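> make a model of this:
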Amino acid sequence: MLASLRQERILAAVHAHGAVRVADLVDELGVSDMTVRRDIAELAQAGLVRRVHGGAVGVETLHRSADEPGFEAKRGWAAAEKAAVARLAASLIEPGQSVALSAGTTTHLLAREIAAATALRPLTVVTNSLPVAEALHSATSPAGLDVILTGGVRTPSDALVGPVADNSLSRLRVDTAYLGVHGLDQDGLTTPNLLEAATNQALLACATQLTVLADHTKWGVVGLARIAALDEVDVLVTDSGLPDDARRALTS
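You can find the predicted model right below:
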């Protein structure tokens, strides 16, 4: 298959799903890993996609402030970095705490870490995420792990939002909120969904400390609705791919 035809198919997959994985493209196109990575590099150089660890994402998805990709579409973006962020975040949790986990693919990975870590028991987890709740309920040893799931209206990212969720959170108090975000920059944390922004704000209001989980690809991405300013964040867990300008802004 000609390179131009391969790249057309890669672009079509990115437009259809928001992201693609190298491993999936190798199987679909019947070419080597190196060939797929070279095709993605050429598409990225042309400004048609953005390279991430293990694949590519659409540049239009990253820059449309009101666009909200689905949970499955986002799972493959920067997967290795998200897993590392989740592992480190899990190490910050102590037995006996109550924590809140927002919706998001990185917080979902954190929930899986919590579910597997019996050393963190007893632990109470509050969440407005259906995948997070499912991961916690699937724990092999659930004794001492209490899960509180808010009600609300379901979003494309499988979050429960709206007045029901907000009211539930307003009645609770937790030690730390672990927040996954659509994007962040020097002006703060954002999401494409107005209702999700409000519910995330309710989640932050019920927590003594805010810990944000964001891999390096989230920097510079701006959603329609602002959740919080950077100075409201107590801890940011990210990966080593964060650009220098982002490090300077976050340090200051």
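> stretch 179-193: which residues count as buried?
Buried residues in stretch 179-193, defined by neighbour count with 16 or more other Cβ atoms under 10 Å: 179-184, 188-193. Where C-beta positions appear, they are placed from N, C-alpha and C, glycine not excepted.
> contact partners of stretch 138-146?
Contact partners of stretch 138-146, identified using Cβ atoms under 8 Å, 6 or more residues apart in numbering, comprise 114-116, 118, 120-125, 136.
> V99 should be in a strand, yeah?
Yes - for V99, which was evaluated using DSSP: H, G, I helix; E, B strand; the rest coil, the result is membership in a strand.
> look up the closest residue to it, ignoring the ones flanking it.
T176 (5.1 Å; Cβ to Cβ, 6 or more residues apart in numbering).
> and R112, by the same measure?
With Cβ to Cβ, 6+ apart as the criterion, R112 has its nearest non-adjacent residue at 4.9 Å, and that residue is A135.
> for that neighbour, which three-state class applies?
Here A135 takes the helix state, with states given by three-state DSSP.
> so what's T106 up against?
Contacts for T106 were tallied using Cβ under 8 Å, 6+ apart; they are 82, 85-86, 180, 213-215.
> which of those residues sits closest to T251?
A214 (15.1 Å; Cβ to Cβ).
> so that closest one touches Y178, yeah?
No - proximity of A214 to Y178 does not meet the contact threshold set by Cβ atoms under 8 Å, at 11.1 Å.
> compare these two and say which is more crowded by neighbours.
Set side by side, A214 and Y178 show more neighbours around Y178, with 32 against 28, by other Cβ atoms under 10 Å.
> just to be sure, that one is in a strand?
Yes - assigned with three-state DSSP, Y178 falls within a strand.
> now it: how far from G58?
Distance of Y178 to G58, given as Cβ to Cβ, to the nearest Å: 27 Å.
> averaged pLDDT, the longest helix anywhere in the chain. What do you get?
Identified as the longest helix of the chain according to DSSP state H is helix 3-17. With pLDDT averaged residue by residue, helix 3-17 scores 84.
> packing partners of the helix or strand just after it?
Next in sequence after helix 3-17, counting helices and strands by DSSP states H and E, comes strand 19-21. Packing partners of strand 19-21 (3 or more Cβ pairs under 8 Å, 6 or more residues apart in numbering; DSSP states H and E): helix 3-17, strand 55-58.
> nearest to D39, out of those?
Of all the helices and strands packed on strand 19-21, it is helix 3-17 that lies closest to D39, at 5.1 Å by Cβ to Cβ.
> buried residues, that closest one. List them.
Neighbour counts over helix 3-17 (16+ other Cβ under 10 Å) mark 6-7, 9-11, 13-14, 17 as buried.
> now swap in stretch 212-226 and tell me
When neighbours are counted by 16+ other Cβ under 10 Å, the buried residues of stretch 212-226 are found to be 212-219, 221-225.
> likewise stretch 161-178?
By neighbour count on 16+ other Cβ under 10 Å, the buried set for stretch 161-178 is 161-162, 165-166, 168-169, 172, 174, 176-178.
> I am finished for the moment; much appreciated.
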